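Participant: Sequence first, then the predicted structure:
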Amino acid sequence: MATKNDVVLEKLLAGVEHEILQGDTNTVIKDLAYDSRKVTEGFLFVAIAGTVVDGHKFIPDVIEKGAVAIVVERNVEDIPENVTVIKVDNGRSALSLISQNYYDYPMKKMTTIGITGTKGKSTTTFLIKNIIEKAGKKCGIIGTIGVAIGDDITPIEHTTPESYDLQGYIADIYEAGCEYMVMEVSSQGVMMDRVAGMHFDYGVFTNITPDHIGKNEHSDFNDYLSCKAKLFDMCNVGIFNADDMHTAKIIKGAHCVVKTYGIAGDETKRPDIDDEQFVASMERYTGKRDLVARDVEHVNDMDELSMSFLLTGLVNTRAVVGLPGLFNVYNALCAVCVGTLLGVNDADITEAIRHVEVRGRVEAVPTGREFSVLIDFAHNGVSTESVLNTLRGYEPKRLIAIFGCGGNRSKLRRYEMGEAAGKLADFCVVTSDNPRTEKFDDIVKDIMVGMEKTDGEYTVIEDRMKAVEYAVQNAQSGDMIVLLGKGHEEYQEINGVKHHYSEREAVEAALATLK
């Protein structure tokens, strides 16, 4: 855990616009919290008016527990004179700045890379980490898979954690001796000010498709896109997938040096730049991609699927990424671009992307049989379609998809995932994912709305372990089985309880039943 020291309140408020309602900013603070349950003697409590719970209602509790200072978003009454009260306009933004002050800005002591996009963030972080470590340097990761330092991975609740927790993780990475940090910057993290006041050396845009739109998320696609784009006001150099149809919009507002990558033949996917204001503000951007992949080929070794391609531009050599699919060529291009800008030599870069494993991202599980099994985190229609189309490129005898959908989440996601799987898989095993507090049968009914639009064949097996066993026991030579939705997760959430469950363990158990 990161080192924690007593800090004078005045130092914590540096750079934070605030009003002192009462008390003394020379007060010594032992630690801070935004969760009232974690407050003890000598703490600073930051009250946040959240969408579900208003932290201001817990002020009497934290004072009783010994809080010596509180940060509020509105005037409050009946606060003891010995408690300092600071008023701010935005508690979340203030929490981020105060947390950075508390941990003494660990980001500034490392080279940092922030990655945003709908797909590819986790894979790209690990590709970049591999490149940096191949060059003999130490790199930490913060993202969907957790906090990764060396081979140790600590699970976290959110892709981009709440700002106080986030700064603690960054401090952990620095204190572990890392010179570099790669971090997934989610749109939710931006929208909820978890990264307010942060600055990256490099920002990365992978791609964008509609996602996380709905109640308590983004109001519409434009809001989702604008949150992604804010990363490029927070970095020195921006690295962009030039083939994504929305890249021009993201670059339009960027305040950074622009570098781009893409695959030969996809130039038509980038919309024409006919906005005079855009052209005037983007004199440094010619539309020519800095790194290009050509002659892309699929490589199938059963237990290892990969992609081979020729790199031109910033790097000129033949390369292989040890992961399947065209989207992993894009992820590799992004990582190669970052590695080159960091000064890593071509040989180390190509070796690093050739030997990479990302848990739950089209992850191959060795079977020792004449069929293959893969695990992927795809949990919506777009990502399901992308993964299944990718695997189709390897021409399996049959493509078998095992999937479910999360409870207490968008029904539209279920319709779309059911339709994508029914359309592209030869056979589907519909099973449980994280039902949370919903009934499994109700979730399946929604999946069937999409599935029944197709001619796809399927069976329904609620127990996910048994669903995997069924697919493995019925696999034929040349088949490809893909488990969708859980990826790196090692639990199933049922009625508010997280039960241990691992896709890898389920596959191994199923393989053990074979003669």
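Facilitator: Everything's here; your move. Residues are numbered from 1 along each chain as shown.
Participant: What count of nearby residues applies to Leu341?
Facilitator: 17 (other CB atoms under 10 Å). For every residue, glycine as well, the C-beta is placed using N, CA and C.
Participant: the helices in the stretch 401-515 of the chain, which residues?
Facilitator: With DSSP state H, counting those that start in this stretch as the criterion, the stretch 401-515 of the chain has helices at 411-424, 440-451, 464-473, 503-512.
Participant: what number of residues lie near Ala14?
Facilitator: Neighbour tally, Ala14, other CB under 10 Å: 10.
Participant: now the one 10 residues further on
Facilitator: Neighbour count of Asp24, defined by other CB under 10 Å: 13.
Participant: which residue of the chain sits farthest from its center?
Facilitator: Glu81 (44.1 Å; CA atoms, centre = their mean).
Participant: residues near the closest residue to that one other than its chain neighbours, how many?
Facilitator: Closest residue to Glu81 apart from its sequence neighbours, by CB to CB, 6 or more residues apart in numbering: Gln22 at 6.9 Å. Around Gln22 there are 13 other residues, counting by other CB under 10 Å.
Participant: so Lys411 touches Met448, yeah?
Facilitator: No: counting by CB atoms under 8 Å, Lys411 stays clear of Met448, with 11.7 Å between them.
Participant: the more surrounded of these two?
Facilitator: Met448 (17 against 14).
Participant: Show the average pLDDT along the longest helix anywhere in the chain.
Facilitator: Determined from DSSP state H, the single longest helix within the chain is helix 326-341. What helix 326-341 shows for mean pLDDT is 95.
Participant: likewise stretch 354-365?
Facilitator: 89.
Participant: Against Gly23, how distant is the residue farthest from the centre of the chain?
Facilitator: Glu81 sits 8 Å away from Gly23, going by CB to CB, to the nearest Å.
Participant: what does Ser383 give?
Facilitator: Ser383 is 50 Å from Gly23, by CB to CB.
Participant: about what we covered before: show me what counts as buried in the next helix or strand after the longest helix of the chain.
Facilitator: Where DSSP states H and E defines the elements, the next helix or strand beyond helix 326-341 is helix 346-354. Across helix 346-354, burial judged by 16 or more other CB atoms under 10 Å covers Asp346, Asp348, Ile349, Thr350, Ala352, Ile353.
Participant: quick one, what contacts the second one?
Facilitator: Same thing as Asp348. Ile131, Lys134, Ala135, Gly339 (CB atoms under 8 Å, 6 or more residues apart in numbering).
Participant: Ser383 and Gly23: which is more packed in?
Facilitator: Ser383 (22 against 19).
Participant: Let's verify that one: helix, strand, or coil?
Facilitator: Following DSSP: H, G, I helix; E, B strand; the rest coil, the label given to Ser383 is helix.
Participant: right, and it touches Gly117 too?
Facilitator: No: the pair Ser383 / Gly117 is not scored as a contact, 11.9 Å apart, by CB under 8 Å.
Participant: one step back: against Val39, how distant is the residue nearest to Glu81?
Facilitator: Distance from Gln22 to Val39, by CB to CB: 19 Å.
Participant: Among the contacts of Asp348, name the ones in helices.
Facilitator: Short answer: the contacts of Asp348 in helices (DSSP H) are Ile131, Lys134, Gly339.
Participant: Spatially nearest residue to the last one (excluding sequence neighbours)?
Facilitator: Using CB to CB, 6+ apart and skipping the chain neighbours, the partner closest in space to Gly339 is Ile131 (4.0 Å).
Participant: can you check the second one too?
Facilitator: Excluding its sequence neighbours, the residue lying closest to Lys134 (CB to CB, 6+ apart) is Ala352, at 4.0 Å.
Participant: for the one you found, what are its contacts?
Facilitator: Ala352 neighbours (CB under 8 Å, 6+ apart): Leu127, Asn130, Ile131, Glu133, Lys134, Gly339.
Participant: What's the local residue count around the third one?
Facilitator: Ile131 is surrounded by 28 other residues when neighbours are defined as other CB under 10 Å.
Participant: likewise the fifth one?
Facilitator: For Lys134, the neighbour count with other CB under 10 Å is 20.
Participant: Would you mind measuring from it to Leu333?
Facilitator: With CB to CB as the criterion, Lys134 and Leu333 are 17 Å apart.
Participant: and if you look at the fourth one?
Facilitator: Counting by CB to CB, the separation of Glu133 from Leu333 is 19 Å.
Participant: now Ala94, what's its secondary structure?
Facilitator: Going by three-state DSSP: Ala94 is helix.
Participant: how many neighbours does it have?
Facilitator: Ala94, neighbours per other CB under 10 Å, totals 28.
Participant: Help me confirm that it comes into contact with Val46.
Facilitator: Yes: Ala94 is within contact range of Val46, at 6.5 Å (criterion: CB under 8 Å).
Participant: overlap in contacts of the two?
Facilitator: Each of Val71 lies in contact with both Ala94 and Val46 under the rule CB under 8 Å, 6+ apart.
Participant: Quick check, pLDDT for Asn236.
Facilitator: The model's pLDDT for Asn236 equals 97.
Participant: which SS class is it?
Facilitator: Strictly by three-state DSSP, Asn236 counts as strand.
Participant: Was I right to think it contacts His255?
Facilitator: No: counting by CB under 8 Å, Asn236 sits too far from His255 to count as a contact (9.6 Å).
Participant: okay but Tyr501 is in contact with Ile494, surely?
Facilitator: No: using CB under 8 Å, Tyr501 makes no contact with Ile494, being 9.7 Å away.
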